[in-house]
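Chemist: Below is the sequence, then the predicted model.
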Amino acid sequence: MAAALAYLALGDSYTIGEGVEDAGRWPVQLAARLRALGIPLADPRIIATTGWTTDELAAAMDAAEPLGAWDFVSLLIGVNNQYRGRPVDDYAAEFQRLLRRAIALAGGRADRVLVLSIPDWGVTPFALASGRDRPAIAAALDAYNAAAREACAAAGVAFVDITGISRAPDTAGLLAEDGLHPSAAQYARWTDAALPVARALLGG
């Protein structure tokens, strides 16, 4: 049997899976699905906390050093930057630095890094109940995601857009009890989108 491939998942509430069981987190689902396809990817080490911004993730990575080498690294970060009203240019610069770190942690292999886009929390009942400007949230997140996509293209990193999935008109069963974070069922849809890309990156 092939040795297990080490997987590091970096992010915020969407990576730690706020409101879902451990097995429902999308990085854990992804690892399980890849193993079912014969790719021996270990369950991820997750460095993520609900509420983290890009700079807070970077600080947590600093505190966790030395992180060592990984066969596969995923990154999903930025929603809290947008939530706090930070400029997209600041996000772009901080995201690029995190992306470079992710590539370094993957042994310098950009082809072993996977980035997911930021989902749209503005479509959730939480946003509606709190009187948020939903079109403004969508526009801001589109700008954030465009910056991340551009950075990934420049670095040769795979970018998977799951924002459209998060904007599904019928959210029944797709949200956790808080009416804000995704449920395991929505994370399964993200995993469906990420799976063929991750499989190709890992040579499956």
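Modeler: Great, that's in hand. On a predicted model such as this, the values are computed, not experimentally measured, just so you know. Numbering: from 1, shown residues only.
Chemist: Let me know the pLDDT of the residue nearest to residue 116 when sequence neighbours are not counted.
Modeler: Distances taken as Cβ to Cβ, 6 or more residues apart in numbering place residue 76 nearest to residue 116, at 4.3 Å, with adjacent residues excluded. (Glycine included, C-beta is placed from N, CA and C.) The score at residue 76 is 98. That number is its pLDDT.
Chemist: Also residue 119?
Modeler: 98.
Chemist: cool, residue 2 as well?
Modeler: With respect to pLDDT, residue 2 has a value of 67.
Chemist: ok so, going back, what number of residues lie near the residue nearest to residue 116?
Modeler: Neighbourhood size, residue 76 [other Cβ atoms under 10 Å]: 26.
Chemist: which ones are touching it?
Modeler: When contacts are counted by Cβ atoms under 8 Å, 6 or more residues apart in numbering, residue 76 touches 10-12, 14-15, 115-118.
Chemist: Let's see which of the residues you listed end up in strands.
Modeler: Among the contacts of residue 76, the members falling in strands (DSSP state E) are 10-11, 115-116.
Chemist: Looking at those residues, which is nearest residue 29?
Modeler: Proximity of those to residue 29 (Cβ to Cβ) peaks at residue 116, which lies at 12.5 Å.
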